[in-house]
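Student: model this:
(2 chains)
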Amino acid sequence: MKDKLQEQIKIALKNIGIKADSIVLEHPSDLKMGDYSTNVAMVYAKQLKISPKELAEKIISELKTKSIPDINFISKIEIAGPGFINFYLSHDFFVSSVKEILKLKEDWGKNEILKGKKVMVEYTDPNPFKPFHIGHLMTNAIGESVARIMEFSRAKIVRANYQGDVGPHVAKAIYGIMNGGELYEGKDAGWIGMQYTKGSDAYDTDEAKKKEIDEINVKIYNRSDEAINIIYDWGREVTLLAFEEIYKILDTKFDHYFFESVMAPLGEKVVRENIGKVFDDSDGTIIFHGEKYDPKLHTRVFINSKGLPTYETKEIGLTMTKFEKENPDLSIVVTAIEQGEYMKVVAKAISLIHPDYEKRMKHITHGMMKFTSGKMSSRKGNVITGESLIIDSMNVVREKVADRELSDTEKDEIAKIVGIAALKYSILRSSLGGDIVYDFEKSISFDGDSGPYLQYTAVRANSILRKAKDIDLPVNDFQIPEEITELEHVIYQFPEVVARSWELLEPHHIATFLTLLSSTFNKFYGDTVILNKDDPHTPYRLALVEAFYQTMKNGLYLLGIKIPEKM
RNA sequence: GCCCUCGUAGUUCAAUGGAUAGAACAGUUCCGUCCUAAGGAAUAGAUGUAGGUUCGAUUCCCACCGAGGGCACCA
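Tutor: Modelled structure (predicted):
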């Protein structure tokens, strides 16, 4: 609808003698001002040396006299304010959009922008031997949502997870395991995380221990010490399996797992081949002078003085592997903002080796998750990990449903789905730039602007549909209603919101829209008796409720959130 | 010092250069109503400072102030 209208306005302008590349068509904040609104009259009035209102009148008469193929979808065109042209959609349009939603079902909201393209999204990236922390939770929520938004544009999605199974952090953890005075057999990932913290402290405070850990680091790389190898293989497996459990709860599945241990030699080969061309040897350290190519970039070390590849080099190996293995049309990497500058330098180095990769690489960054209480420590003084946050969130929900008449299995399932929704929504409701603040005292908000609010609204709708089925009321066969509600005015906008989220790579537009949609539905729910056997308009209202539910389902899917049957 | 994010109600967040800057939470006050009150209605409250571009700036440009991140062997 939007595209058609834009096209018609463009033609009208052309007939008047104005060439316009893009037409701004927006939804006015207030429904009284129409469903669509354009500012073209204000933008182009100067060119013709007439007032915006005069131009608006010309455009409207042009639109009316010339053909608008879907003119029956527009009930009224008005000039308002300083020269806006407001379009009011017709009764027929809204009814047909409800029908369309019921027909399209899970395809409702999709577009064809990326049809035939392959998009790889790398996200989460936790490190074996370290806890799954809150940053990983954030990256995962965002990455999964971005992947699904791309999927709604009909791209083939390849999900990738890149994990640091070598490097100093592993050496620190292994040092901790070897010197903690405890047997490691039978211990879990949480315990390994604690050993990492101990090793890390030792590294920072004791010169001799630092040296010892550096030696372990080298031994891990060349696998020269059998005792270390055994602990390494054990710890890697235990932590990776623990991550898998978390992915299940978060509802993500990866197609590829890349490891730093594999990327290191690949990257090192590429870097060494390009010494003198891209990289420079500075007293045995291989570096890249980013500022030579762009004053905003800086110098970074790719192979350190001990001859070991750094993260930068591993990133090169990773990028090469991605393109060789999958050859994506677009390769997206999601990380925290602290990697932003670093990634630009590495991307520049890669572009000098493979100029064709540059345009296809995209880095999305997000802020950090912070706590209102300031410190990253929870009640018992433990560090808040991503895992503990998930468990806390699920427990809060579990308490809320404790006295409902549901089975324990149902309650557990609700706790999981709703707890995760609360977390994911609190991450995805804001634009990606800044940090997000998590209020530990209040725990997760379950009212108003929250994931559970959206789920609750959808569950209410679904509950009506279930009841309608029980009493055998038809949904799909309805008479044309006499009046349409605010709900129809909002619901048809969904595909536009999806497209916008795709264009800007900002999942929060979907979150914002679903909140508006839910609140519109809740008003409708409050002042309308939907299920009334004797009312001839009940079938239409049921169709509308189903269209609403479908939109919520598709929208929440894009945020990585499921809807429980009951809650 | 240089570079990157960012600065909006008491708090947490919105707002493709447009109309009266939207929500939510907290505050005050209503609605026990039937299909799930994890709901709805009402009320009060904000664009860091100083310029510029524009018919029009929260949005773009400049300066300052403030927060976070990055700047050679961590990831």
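Student: flag every buried residue along the helix or strand hosting residue A:315.
Tutor: Element membership for residue A:315, per DSSP states H and E: helix A:311-325. By neighbour count on 16 or more other CB atoms under 10 Å, the buried set for helix A:311-325 is A:311-323. The way it works is simple: take the backbone N, C-alpha and C, and place the C-beta from them, glycine included.
Student: so how far is the longest helix anywhere in chain A off the chain centroid?
Tutor: Assignment by DSSP state H gives helix A:226-250 as the longest helix of chain A. Its chain's average C-alpha position is 26 Å from that of helix A:226-250, according to CA atoms, centre = their mean, to the nearest Å.
Student: that one close to RNA strand B?
Tutor: No - Helix A:226-250 does not reach RNA strand B (CB under 7 Å from any atom of the strand); its nearest approach is 13.7 Å.
Student: following that helix, which helix or strand comes up?
Tutor: Elements were assigned by DSSP H and E; along the chain past helix A:226-250, the next helix or strand is strand A:256-259.
Student: which strands and helices sit next to that following strand?
Tutor: Packing partners of strand A:256-259 (3 or more CB pairs under 8 Å, 6 or more residues apart in numbering; DSSP states H and E): strand A:156-163, helix A:311-325.
Student: name the residues of it that are buried.
Tutor: A:258-259.
Student: show me how far it is from its chain's centre.
Tutor: 20 Å.
Student: who does it pair up with?
Tutor: Strand A:256-259 pairs in its sheet with strand A:156-163 (parallel), by DSSP bridges.
Student: excluding chain neighbours, what is closest to residue A:150?
Tutor: Spatially, and ignoring its direct neighbours in sequence, residue A:150 is nearest to residue A:119 (4.7 Å; CB to CB, 6 or more residues apart in numbering).
Student: just give the number of residues close to that neighbour.
Tutor: By other CB atoms under 10 Å, the residues close to residue A:119 number 24.
Student: equivalent analysis for the one 10 residues further on, please.
Tutor: Taking other CB under 10 Å as the criterion, the count of residues near residue A:129 is 28.
Student: equivalent analysis for the one 4 residues further on, please.
Tutor: The number of residues packed around residue A:133, counting by other CB under 10 Å, is 20.
Student: that one is in contact with residue A:390, isn't it?
Tutor: No - applying CB atoms under 8 Å as the test, residue A:133 and residue A:390 come out as separate, 11.6 Å apart.
Student: what's near enough to touch residue A:363?
Tutor: Counting by CB atoms under 8 Å, 6 or more residues apart in numbering, residue A:363 makes contact with A:332-333, A:335, A:339-340, A:343-344, A:347.
Student: please repeat the previous calculation with a cut-off of 7 Å.
Tutor: By CB atoms under 7 Å, 6 or more residues apart in numbering, the contact list for residue A:363 reads A:333, A:343.
Student: check residue A:158 too.
Tutor: Listed by CB under 7 Å, 6+ apart, the contact set of residue A:158 reads A:118, A:120, A:255-256, A:326, A:328.
Student: neighbour-wise, which one of these leads?
Tutor: Highest neighbour count within those: residue A:120, with 26 neighbours (other CB under 10 Å).
Student: ok, is the strand or helix carrying it in contact with RNA strand B or not?
Tutor: Element membership for residue A:120 (DSSP H and E) is strand A:118-122. No - contact of strand A:118-122 with RNA strand B (CB under 7 Å from any atom of the strand) is absent, the minimum separation being 13.4 Å.
Student: ok, and what's touching that strand?
Tutor: Residues outside strand A:118-122 that contact it (CB under 7 Å, 6+ apart): A:143, A:146-147, A:150, A:155-162, A:322, A:326, A:328-334.
Student: swap the cut-off to 8 Å and go again
Tutor: A:143, A:146-147, A:150, A:155-162, A:258, A:322, A:326-334.
Student: near RNA strand B too, which of those residues?
Tutor: Answer for the contacts of strand A:118-122 near RNA strand B: none qualify (CB under 7 Å from any atom of the strand).
Student: buried only: go through the residues you listed for me.
Tutor: A:143, A:146-147, A:150, A:155-162, A:258, A:322, A:326, A:328, A:330-334.
Student: mind giving me the packing neighbours of the strand or helix carrying residue A:397?
Tutor: Residue A:397 is part of helix A:386-400, with elements assigned from DSSP H and E. With contacts defined as 3+ CB pairs under 8 Å, 6+ apart, the packing partners of helix A:386-400 are helix A:134-151, helix A:226-250, helix A:408-428.
Student: how about the ones you listed in JSON lines, adding mean pLDDT?
Tutor: Putting the helices and strands packed on helix A:386-400 into JSON lines (pLDDT from 0 to 100) gives the following:
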{"stretch": "helix A:134-151", "mean pLDDT": "95"}
{"stretch": "helix A:226-250", "mean pLDDT": "95"}
{"stretch": "helix A:408-428", "mean pLDDT": "94"}
